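Undergrad: pasting the sequence and the predicted model now:
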Amino acid sequence: TAERMNGKELAATKHAEMKVRVSELAKSGIVPGLAVILVGDDQASQTYVRSKQKMCEKVGIHSILKHLPADTTEEVLLSHIDELNNDPEIDGILVQLPLPKQISEQAVIEAISPEKDVDGFHPINIGKMMTGEKTFLPCTPHGIIELLKASEVQIAGSHAVVVGRSNIVGKPVGQLLLNEHATVTYCHSRTVDLRAITTQADILVVAVGIAKLIKKEDIKPGAVIIDVGMNRDENGKLCGDVDFDDVEDIASHITPVPGGVGPMTITMLLENTIESALNRS
Ligand code: NAD
């Protein structure tokens, strides 16, 4: 039966390390600061924002929340970002997506100073990630690489298949796997014969958003399975894009949902914020 890749445990280890780093920084009078901007009243977004703030508090990062009404204009949002870009106490700025439709997400992402872009979504930081320069890496993909390394999974030379090509998960996780010398194949909604490709994967990353899409017939025996999905099953229970019970016996490693990739995402956000604070001159 597959070894569970415990994101919750790895996150806890990293939180303890970060606490130490934050108290070291405090000696030079620096408290890392994260600003979170939330527009509107989306329930899921509010939950995410709350857990990000709670985690900040745990490791000693100062966090502020700007909660703006749903009818906020792009101009007003950009002026808030401008203010935070120039605030010396703020090391990281995060705008919770999705945004209401009157606001261009791309314009907002590009307005955040690349030096404070702890989500790693700014085109400059995406470019640096592609060329392998040191930069803020997107949190979910970075957390996945950390999980693979902590589980001592061999990435170099492996065939990694990524299902899903979103800008926040699929595309960047493929790039990071390539940076680690995997041979990478991307699959998506237009892929013809998905199974023919996923069954070739040594490492299979699934970020689609369809409950239990991946069954045991879709994987190669001994494959490492990273399940990014967060869905509800027919009983309203949280589940991934992979049918865990079905594949557990033939995979070599698998991330559970919850407790796998999820806890790593916030952890990498906090790490980026601390890194950014270290760059204060
Ligand atoms: P998205 O909706 O932006 O992208 C989904 C991708 O899946 C698309 O690229 C699409 O081409 C592909 N796809 C759709 N149907 C497909 C099919 N039948 N076969 C193959 N590919 C198909 O989603 P996203 O933002 O990348 O998120 C994916 C999932 O991961 C969601 O469940 C989301 O909640 C979850 N998520 C989890 C975390 C975390 O921290 N754990 C972070 C981000 C997203």
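TA: Cool, got the structure.
Undergrad: near the ligand, which residues of this protein show up?
TA: Proximity of the chain to the ligand, by CB under 6 Å from any ligand atom, involves residues 140, 163-166, 168-170, 187-189, 191, 194, 207-210, 228-231, 261-262, 265. All C-beta spots, glycine's among them, are computed from the backbone N, C-alpha and C.
Undergrad: any quick PyMOL command for the buried ones out of these?
TA: Applying 16 or more other CB atoms under 10 Å to the residues of the chain next to the ligand, the buried members can be selected in PyMOL as follows:
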select buried, resi 140+163+164+165+168+169+170+187+194+207+208+228+229+230+231+261+262+265
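Undergrad: narrow the residues of the chain next to the ligand to those in helices?
TA: Mapping those onto helices (DSSP state H) picks out Thr140, Gly170, Leu194, Val261, Gly262, Thr265.
Undergrad: so who does the closest residue to the ligand within the stretch 1-150 of the chain touch?
TA: When distances are taken as CB to the nearest ligand atom, the stretch 1-150 of the chain reaches nearest to the ligand at Thr140, 4.3 Å away. Thr140 is in contact with Ile168, Val169, Val173, Ala207, Val228, Val261, Met264, Thr265, Met268, counting by CB atoms under 8 Å, 6 or more residues apart in numbering.
Undergrad: between these, which sits nearest Thr47?
TA: Comparing the contacts of Thr140 against Thr47 with CB to CB places Thr265 closest, at 13.1 Å.
Undergrad: just checking, the closest one touches Leu137?
TA: No. The pair Thr265 / Leu137 is not scored as a contact, 11.6 Å apart, by CB atoms under 8 Å.
Undergrad: for Ile203, name its beta-bridge partners.
TA: Under DSSP bridges, the beta-bridge partners of Ile203 are Ala160, Val224.
Undergrad: surely it meets Leu147?
TA: No. The pair Ile203 and Leu147 fails to qualify as a contact (CB under 8 Å) at a distance of 11.0 Å.
Undergrad: can you pull the buried residues of the helix ranked longest in the chain?
TA: As assigned by DSSP H, the longest helix anywhere in the chain is helix 7-27. Buried residues in helix 7-27, counted by 16+ other CB under 10 Å: Gly7, Leu10, Ala11, Lys14, His15, Met18, Arg21, Val22, Leu25.
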